[in-house]
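In: Build me a model:
(2 chains, ligands or ions: 4)
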2 protein chains.
Amino acid sequence: DKANGKRIPPPVVHYQMNNVTSTSDPEGNRETVLILTPLARFYQEYWDNLLKLTYPHELITLAFIIPKNREGNAATTALQEQITKTQEGAEKKRFASIIIERQDFDPALVTQTEAERHKMENQKSRRAAMSRARNSLLFTTLGPTTSWVLWLDADIIETPPNLIQDLASHNKPIIVPNCFQRYWDPAAKERQERPYDFNSWQDSEAAQDLAKQMGPDDILLEGYADMATYRTLMAYMADDAGDIHTEVPLDGVGGTALLVKADVHRDGAMFPPFAFYHLIETEGFAKMAKRLGWTATGLPNYKVYHYNE
Amino acid sequence: DKANGKRIPPPVVHYQMNNVTSTSDPEGNRETVLILTPLARFYQEYWDNLLKLTYPHELITLAFIIPKNREGNAATTALQEQITKTQEGAEKKRFASIIIERQDFDPALVTQTEAERHKMENQKSRRAAMSRARNSLLFTTLGPTTSWVLWLDADIIETPPNLIQDLASHNKPIIVPNCFQRYWDPAAKERQERPYDFNSWQDSEAAQDLAKQMGPDDILLEGYADMATYRTLMAYMADDAGDIHTEVPLDGVGGTALLVKADVHRDGAMFPPFAFYHLIETEGFAKMAKRLGWTATGLPNYKVYHYNE
Ligand SMILES: Nc1nc2c(ncn2[C@@H]2O[C@H](COP(=O)(O)OP(=O)(O)O)[C@@H](O)[C@H]2O)c(=O)[nH]1
Ligand SMILES: Nc1nc2c(ncn2[C@@H]2O[C@H](COP(=O)(O)OP(=O)(O)O)[C@@H](O)[C@H]2O)c(=O)[nH]1
Ligand SMILES: [Mn+2]
Ligand SMILES: [Mn+2]
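Out: Numbers count the residues shown, from 1 in each chain, chains lettered A, B, ... in the order given. Ligands and ions are numbered 1, 2, ... in the order given. Alright, predicted model coming up:
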């Protein structure tokens, strides 16, 4: 940007934001998708699955946020290697652009005390740290021309190849598939699957009542014996004989795979790292989006799969 | 990005976010500043003042969000004209880059009913619309290498030329000068000044008590007779004989001129378009930042001036 030693700034960029659509036919309308992945470890299966997505790769930007520690360095190297292969490989597989951010904040402290309360405290600080990572990634990569944001955790290793088109076809502001995990059942001697993500749920009176008795910084969590929420969990709604496009309304969402119209985020919906209506991170996001006038939808029979360590 | 008809994506962009600083010596450390302006009308005095800022322009990016209506079209044309002049003019005055976004959402509906309650309802929907405009601008322009965000309203027509250096020298996460307005006093036959922005304040017990009696969607507003908050307003703390660098802690901030370390926003601090602890927009932003662990500081004797219609 220098001519005769003079600094020549780039031309002004104008954006007509009403021309940016997010429709049930994103491919037909050439809508851009930003895939956001907080990544602590690199799994080859994640990348392989990503490559198999049939949504036109030239409309997809990938962005990662990776902790600045030794494990993060290893993950960055492994990721960069695959990126190089892909971006220099078959044209159809190349993504429009790729951003890697190394995180500048400390990972959540894990206190070394015992018992349920402390496990819950750890869970809170862990999810607060995750929220900050997600916000940092979101605020710095979302653009004025992004149509959709697909949140995809780094340990999601199997999705239908038409994931983006399938989810977008519902034309919902926020839509989340059901996140399961495959495992080997030694008794039955076969591969089975089980629910993995319990953050997608419909609210209950019991949870509301629990919340009312809580301190302002306390959060509701699923899966703690002394905190029975009686929420209706999408994890348990899956029906293998049912239509994969069955929709259910949700009050909380998980973020392992989550498609969001970019306008929802542009309106201000982020991942609260603090107790927001006693909810945090992706569950707090769903509540915040609701306060902004947007609703969340779940697809109980549409499955994606989480890595099994 | 095509060679032999092949699509060649740009190389991966890596960001080491711990290398992005925001210090008391931003000029010395070559820190980038993003100036964000929601703009409904263009004032030549705003642009002239902007040009006089002594912070190195090559470290400044400007971004505007302008409503998509007739007045917005006129403002865009006037702004674009000045931009062209500046960016083709003296090298030192040229800004690093400039973005103009035309807003895709409807401006707030102004209900046509009467009386105080309705004025307050209008105020709420107006500030909710402003919050969405600010969020949209923020989420789409903040980058991984931005050090500071300066919020500057389009009707701020006079600031000290060292505004950015002066505010940054305090090395605070959020810092706000005192926003005044000049006017002609026909009795005294001279130019006087008066406080303009009442959104920078220290909280009071009375306001907290009012909040406790409110419905979940109600907001506290300054300047309504039937809602006496007894907050300590920075507007009334100005002391012309005092040090311009006198600091006071604040609980609410105005956004006419407001310097924020980019990390505060990257953490997730945005402008709630809904009642957040009974606060909205810039006041809600200060509260949200506090929930994220950041504090706000005011400079009662350091003045900027708002247009007088
Ligand atoms: N950038 C970043 N990513 C993280 C961090 N911790 C976990 N992740 C990633 O965030 C996602 C969710 O974390 P994970 O531990 O899998 O959560 P769980 O499966 O819900 O127990 C995964 O993609 C992780 O790789 C972190 O501290 N920083
Ligand atoms: N993009 C956008 N900017 C607006 C809108 N309404 C006002 N503004 C701008 O936002 C800033 C604050 O609005 P203003 O009406 O001056 O508020 P006040 O001075 O606090 O009463 C100014 O820079 C306005 O030009 C709007 O609907 N959209
Ligand atoms: Mn996981
Ligand atoms: Mn104004």
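In: Need the nearest residue in space to residue A:13, chain neighbours excluded.
Out: Excluding its sequence neighbours, the residue lying closest to residue A:13 (Cβ to Cβ, 6 or more residues apart in numbering or on different chains) is residue B:99, at 5.1 Å. In short, each C-beta sits where N, CA and C put it, glycine included.
In: what about that neighbour, neighbour count?
Out: When neighbours are counted by other Cβ atoms under 10 Å in any protein chain shown, residue B:99 registers 20.
In: Now do the helix or strand harbouring it: distance to the chain's middle.
Out: Using DSSP states H and E, residue B:99 sits within strand B:97-102. Centroid displacement of strand B:97-102 relative to its chain, using Cα atoms, centre = their mean, to the nearest Å, is 16 Å.
In: neighbouring strands for it, and are they parallel or not?
Out: Note on strand B:97-102: by DSSP bridges, its sheet partners are strand A:13-16 (parallel), strand B:60-66 (parallel).
In: gap between the two ends of stretch A:145-154?
Out: 25 Å (Cα to Cα, to the nearest Å).
In: same thing with stretch A:198-216?
Out: 23 Å.
In: Contacts for it next, please.
Out: Here stretch A:198-216 makes contact (Cβ atoms under 8 Å, 6 or more residues apart in numbering or on different chains) with A:176, A:178-179, A:220, A:222-223, A:227-235, A:248-255, A:275, A:277-278, A:281-283, A:298.
In: Which other helices and strands does the helix or strand hosting residue A:297 contact?
Out: Using DSSP H and E, residue A:297 sits in strand A:296-306. The contact analysis (3 or more Cβ pairs under 8 Å, 6 or more residues apart in numbering or on different chains; DSSP states H and E) places strand A:296-306 against strand A:156-158, helix A:163-168, strand A:174-185, strand A:248-250, helix A:281-291.
In: With respect to ligand 1, which of these lies nearest?
Out: Closest to ligand 1 of the helices and strands packed on strand A:296-306 is strand A:156-158 (Cβ to the nearest ligand atom; 7.7 Å).
In: from the chain's centre, how far out does that closest one sit?
Out: 13 Å.
In: What is it packed up against?
Out: Judged by 3+ Cβ pairs under 8 Å, 6+ apart, strand A:156-158 is in contact with helix A:44-52, strand A:296-306.
In: what angle separates the shortest one from strand A:60-66?
Out: With axes from the mean of the first three to the mean of the last three Cα atoms, to 10 degrees as the basis, helix A:44-52 and strand A:60-66 are set at 160 degrees to each other.
In: Would you tell me whether helix A:44-52 gets close to ligand 1?
Out: No - under the criterion of Cβ under 6 Å from any ligand atom, ligand 1 is not reached by helix A:44-52; the shortest gap measures 8.4 Å.
In: Please point out which parts of that helix sit buried.
Out: Using 16 or more other Cβ atoms under 10 Å in any protein chain shown as the test for burial, helix A:44-52 gives A:46-47, A:49-51.
In: what's around the closest residue to chain B within the stretch 151-300 of chain A, how many residues?
Out: Per Cβ to the nearest Cβ, residue A:268 is where the stretch 151-300 of chain A lies closest to chain B, at 3.7 Å. By the criterion of other Cβ under 10 Å, residue A:268 has 24 neighbours.
In: phi, psi of it?
Out: Phi and psi for residue A:268, reported as degrees, to the nearest 10, are phi 130, psi 0.
In: one step back: output the helices and strands packed on strand A:156-158 in CSV, with mean pLDDT and distance to residue A:151 appended to each entry.
Out: Below are those laid out as CSV (pLDDT from 0 to 100; distance: least, Cβ to Cβ, whole Å):
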stretch, mean pLDDT, distance to residue A:151
helix A:44-52, 98, 13
strand A:296-306, 98, 11
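In: Does stretch A:269-284 reach ligand 1?
Out: No - using Cβ under 6 Å from any ligand atom, no contact is recorded between stretch A:269-284 and ligand 1, whose separation bottoms out at 9.2 Å.
In: what's the answer for stretch A:212-221, then?
Out: No - counting by Cβ under 6 Å from any ligand atom, ligand 1 is not contacted by stretch A:212-221; separation bottoms out at 11.9 Å.
In: coming back round to it: can you list the residues that contact the strand holding residue B:99?
Out: A:9-10, A:12-18, A:144, B:61-68, B:72, B:76, B:79-80, B:83, B:87, B:136-137, B:140-141.
In: still on that earlier bit, measure the residue of the stretch 151-300 of chain A closest to chain B to residue A:147 for me?
Out: Residue A:268 sits at a distance of 18 Å from residue A:147 (criterion: Cβ to Cβ, to the nearest Å).
In: Is ligand 1 within reach of the longest helix along chain A?
Out: Ranked by number of residues, the top helix in chain A under DSSP state H is helix A:115-141. Yes - for helix A:115-141 and ligand 1, the contact criterion (Cβ under 6 Å from any ligand atom) is met by A:129-130, A:133.
In: Give the buried residues for that helix.
Out: Applying 16+ other Cβ under 10 Å to helix A:115-141 flags A:122-124, A:126-141 as buried.
In: just the angle between that helix and strand A:60-66, please?
Out: Using the same axes, to 10 degrees: helix A:115-141 against strand A:60-66 is 130 degrees.
In: where's helix A:115-141 relative to the chain centroid, distance-wise?
Out: Taking Cα atoms, centre = their mean, one finds the center of helix A:115-141 at 13 Å from the center of the full chain.
In: what's in contact with the helix or strand that comes right after that helix?
Out: Per DSSP H and E, the first helix or strand lying C-terminal to helix A:115-141 is strand A:148-152. If you take Cβ under 8 Å, 6+ apart as the criterion, strand A:148-152 is touched by A:22, A:26, A:31-37, A:50, A:134, A:138, A:142, A:163-164, A:167-168, A:255-262, A:265, A:282.
In: can you tell me if strand A:148-152 touches ligand 1.
Out: No - Strand A:148-152 lies out of reach of ligand 1 by Cβ under 6 Å from any ligand atom, never closer than 8.1 Å.
In: From chain B, how far off is the closest residue to ligand 2 within the stretch 1-150 of chain A?
Out: Closest to ligand 2 within the stretch 1-150 of chain A is residue A:17: 10.6 Å, counting by Cβ to the nearest ligand atom. The gap separating residue A:17 from chain B is 4 Å, by Cβ to the nearest Cβ, to the nearest Å.
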